[in-house]
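**Q** with the sequence up front, the predicted model follows.
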Amino acid sequence: MVLPFFALFSIFGLFPLLYTFWISLHDWQLINGGQGFVGLGNFADLLTDSHFYNALGNTITLFLLSAVPQLVVALGIAALLDRPLRATTFWRAAVLLPNVVSVAAVALVFAQLFGRDFGVVNWLLGLLGVPALDWHAEAWSAQPAIALIVIWRWAGYNALLYLAAMQSVPAELYEAAELDGASRWRRFISITLPGIRPTIVFTSVVSAIGGVQIFVEPQLFDTSGVAGIGGDDRQFQTLVMYLYEKGFTQFDAGYAAAIAWVVFLGCVALAVVALVLARRIPGTN
């Protein structure tokens, strides 16, 4: 019974993917439906679309600024929580708090923190003599702010995954390494990281997929008032935001479906890269 169930699940999971590809091959308006078969015309248009390349570049930049540091921060938090601490339960619950708070509330709070006129960040910079910045106006300022939202939301969640994996590493390995004179850092590199490699692989793949699909954080950070634009000059518009703009603002479902397939292929490619890199960590067996 189990195998037929998973086979049926796979079929239903594959159907939306194939249907999206079918739509991408048509001049398909969201309201009026298919207007004619265009083959790979929508994909060809993507190759000459400057807005698409802008969104692709922004997506890659946000991924590098958020997903990679997020996992490093999560490892550091997990290593601290794995040490003997007072009120251990409190600290473990505290690091998960950002993940359970509504993303809309988190993004709106960060949008105010990075406000141009009354933002707390600009106030702190003013104390140091740094002129106030319009964080939303330029890509170089807006994208790190958005990446900080992602890191703040997900670092604690991944830290708990790493912590659970760390506590399953046999204590005898640490005791033997300590008797051999290995430093705390050497024990972390030689025992902890190899011991939690499966968890690192999992979080790397999931973070890679999430990085390509990023939408909510930049969308709520946007103060332009136009959904999917990503700033007045598209300075932090991502691929999924561009998909939203094409599909649900301009109602061009065929073009949006082509973008969706690019996002899907990007998720697959980055997931494979993350898997390969994570598996380069030596295993314990």
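**A** That came in fine, so what should we check first?
**Q** secondary structure element for the residue nearest the centre of the chain?
**A** The centroid of the chain falls nearest to residue 211 when counting by Cα atoms, centre = their mean (2.9 Å). For residue 211, the host element (DSSP states H and E) is helix 197-212.
**Q** chain center to the helix or strand following that helix: distance?
**A** Sequence-wise, the next helix or strand downstream of helix 197-212 (DSSP H and E) is helix 216-221. Remark: helix 216-221 is offset 12 Å from the chain centroid, using Cα atoms, centre = their mean, to the nearest Å.
**Q** ok, stretch 150-168 next?
**A** 15 Å.
**Q** now do stretch 185-198
**A** For stretch 185-198, the separation from the chain centroid amounts to 24 Å (computed by Cα atoms, centre = their mean).
**Q** so which bits of that stretch are buried?
**A** 187-188, 191-197 (16 or more other Cβ atoms under 10 Å). Yep, even glycine has a C-beta here, placed from its N, CA and C like the rest.
**Q** rebuild these as a markdown table, extending it with secondary structure, pLDDT and distance to residue 126.
**A** Formatted as a markdown table, the buried residues of stretch 185-198 follow (DSSP: H, G, I helix; E, B strand; the rest coil; pLDDT from 0 to 100; distance: Cβ to Cβ, whole Å):
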| residue | secondary structure | pLDDT | distance to residue 126 |
| --- | --- | --- | --- |
| 187 | helix | 85 | 44 |
| 188 | helix | 87 | 39 |
| 191 | helix | 86 | 46 |
| 192 | helix | 87 | 42 |
| 193 | helix | 87 | 41 |
| 194 | helix | 86 | 47 |
| 195 | helix | 87 | 46 |
| 196 | coil | 89 | 42 |
| 197 | helix | 86 | 45 |
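**Q** tell me the phi and psi of residue 29?
**A** Note on residue 29: its backbone torsions stand at phi -90, psi 140 [degrees, to the nearest 10].
**Q** am I right that it is in contact with residue 250?
**A** No: using Cβ atoms under 8 Å, residue 29 makes no contact with residue 250, being 9.4 Å away.
**Q** residue ranges with poor pLDDT in the protein?
**A** Across the chain, the ranges flagged by pLDDT under 70 are 1-13, 15, 33-34, 224-228, 281-285.
**Q** where along it do the strands fall?
**A** Using DSSP state E, the strands of the chain run over residues 26-29, 33-37.
**Q** which of those sits closest to residue 178?
**A** Residue 178 lies closest to strand 26-29 among those, at 64.0 Å (Cβ to Cβ).
**Q** how far out from the middle of the chain is that closest one?
**A** Relative to its chain's centre, strand 26-29 lies at 30 Å (Cα atoms, centre = their mean).
**Q** list the buried residues in it.
**A** Quick answer for strand 26-29 (16+ other Cβ under 10 Å): 26-28.
**Q** on that earlier part again, need the contact list for the residue nearest to the centre of the chain.
**A** Applying Cβ atoms under 8 Å, 6 or more residues apart in numbering to residue 211 gives the contacts 59, 62-63, 66-67, 270.
**Q** and with 10 Å instead?
**A** 59-60, 62-68, 70, 147, 150, 238, 266-267, 270, 274 (Cβ atoms under 10 Å, 6 or more residues apart in numbering).
**Q** same check, this time on residue 269
**A** Taking Cβ under 10 Å, 6+ apart as the test, what residue 269 contacts is 208, 212.
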